[in-house]
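Visitor: Only the shape, not the letters, is given here:
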């Protein structure tokens with residue numbers, strides 16, 4: 001009996017040891033999978049200049065620095081659009097064949113000389129948002145109209161982002177402190193829906209849409225961030241950092257959704273009263289499970305670059321940009 005017990009105990013110890021080793025291997029593989037470095041590569045470079053398929057270099061007009069890109073967006077099909085406020089045109093980049101083309105010279109339209117804060121493309125029409133107007137331009141710029149007026153006496157007072165959904169409708173965020181809201185317009189430009197963003201408790205720092213007229217905001221908390229769906233307001237993602245990490249959330253921005261409804265967020269961490277020491281893109285499933293955590297490089301000098309715009313092209317494929325003395329480069333980011 002004792003011999004059989006010892007033998008069984010021996011086999012149990014061997015089995016336990018093997019299971020423990022296997023668990024360590026699985027844990028290591030999972031850590032590698034969720035903490036891999038994002039693969040970043042130059043997608044296409046657009047040289048500074050005033051010629052075809054070039055982008056205007058930064059310049060000063062009076063006391064105002066005009067710097068590109070003032071706005072960029074993805075059309076949801078195959079192209080990234082860039083607003084060149086220096087050369088007064090729109091640049092189109094096909095993300096499949098990487099062809100760069102000028103499609104819209106708006107230098108002789110009402111949009112000329114304006115400062116743009118966001119843009120969208122719907123049915124090939126280009127929407128350019130300024131602090132005072134929302135312009136709608138045809139692809140050849142032969143038609144330019146004011147789609148919405150902005151000001152203290154208007155419905156829209158302090159715009160920030162515009163979104164296009166799959167039906168071709170347009171929505172705009174208004175960050176006016178007394179009544180922050182999202183306003184949706186039909187194809188004719190008529191305001192058809194308004195959703196209040198007023199909150200006594202939270203400050204929203206980024207906004208996103210899932211392309212189906214549903215909107216999302218996020219707010220930073222000391223140990224993480226929360227993403228809310230609005231109308232009705234409901235938390236769709238609550239993220240808390242590992243309590244063993246003695247770091248603070250410096251920046252957290254909700255990027256948006258891919259076609260499979262996975263969620264992407266950018267988060268940077270800093271030491272207490274210190275510099276940013278880590279920068280990530282998180283990928284979550286719709287049921288809030290962390291799928292991947294990809295390491296992004298840190299900004300070399302300016303920490304405001306942490307909030308650069310990201311465009312989701314498809315699952316695990318995002319685009320951002322960088323600049324140097326020679327030009328502007330669209331950058332491909334693969335979340336591994």
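Guide: Received it, and whenever you're ready, just let me know what you need. Computed from a predicted model, the values in this text were never measured in an experiment. Numbering: from 1, shown residues only.
Visitor: Which elements pack onto the strand or helix carrying residue 251?
Guide: Using DSSP states H and E, residue 251 falls within strand 248-257. Packing partners of strand 248-257 (3 or more Cβ pairs under 8 Å, 6 or more residues apart in numbering; DSSP states H and E): strand 206-209, strand 215-221, strand 224-229, strand 263-270, strand 276-284, strand 311-314. C-beta: built from backbone N, CA, C; applies to glycine.
Visitor: I'd like to know which of those lies nearest to residue 128.
Guide: strand 311-314 (16.9 Å; Cβ to Cβ).
Visitor: tell me the mean pLDDT over that closest one?
Guide: Averaging pLDDT along strand 311-314 gives 95.
Visitor: other SSEs contacting it?
Guide: Looks like strand 311-314 contacts strand 71-74, strand 248-257, strand 317-323 (3+ Cβ pairs under 8 Å, 6+ apart).
Visitor: buried residues in the shortest one?
Guide: Going back to what we said before, that points to strand 71-74. The neighbour-count check on strand 71-74 (16 or more other Cβ atoms under 10 Å) flags 71-74 as buried.
Visitor: can you give me how far that strand is from the chain middle?
Guide: With Cα atoms, centre = their mean, to the nearest Å as the basis, strand 71-74 stands 10 Å off its chain's centre.
Visitor: Give me the next element, helix or strand, following that strand.
Guide: Next along from strand 71-74, by DSSP H and E: strand 79-84.
Visitor: swap in the last one?
Guide: Read in the C-terminal direction, the helix or strand following strand 317-323 is strand 327-334, with elements assigned using DSSP H and E.
Visitor: outside of that next one, which residues touch it?
Guide: Strand 327-334 has contacts (Cβ atoms under 8 Å, 6 or more residues apart in numbering) with 38-48, 54-55, 68-69, 80, 82, 93, 281, 294, 296, 310, 316-323.
Visitor: could you give the angle of that strand to strand 263-270?
Guide: On the basis of axes from the mean of the first three to the mean of the last three Cα atoms, to 10 degrees, strand 327-334 is oriented at 110 degrees to strand 263-270.
Visitor: Direction included, what does strand 327-334 pair up with?
Guide: Strand pairing for strand 327-334, using DSSP bridges, gives strand 39-47 (antiparallel), strand 317-323 (antiparallel).
Visitor: Would you mind pulling the contact partners of the longest one?
Guide: Among residues not part of strand 39-47, those counted as contacts by Cβ under 8 Å, 6+ apart are 53-55, 82, 91, 93, 95, 98, 100, 296-297, 319, 326-334, 336.
Visitor: Name every strand pairing with the helix or strand just after it and say which way it goes.
Guide: Proceeding N to C from strand 39-47, the next assigned helix or strand is strand 59-61, under DSSP H and E. Using DSSP bridges, strand 59-61 pairs in its sheet with strand 64-66 (antiparallel).
Visitor: how distant is the strand it pairs with from the center of its chain?
Guide: Chain-centre distance of strand 64-66: 24 Å, with Cα atoms, centre = their mean.
Visitor: Stretch 207-219 now?
Guide: The answer for stretch 207-219 is 11 Å, by Cα atoms, centre = their mean.
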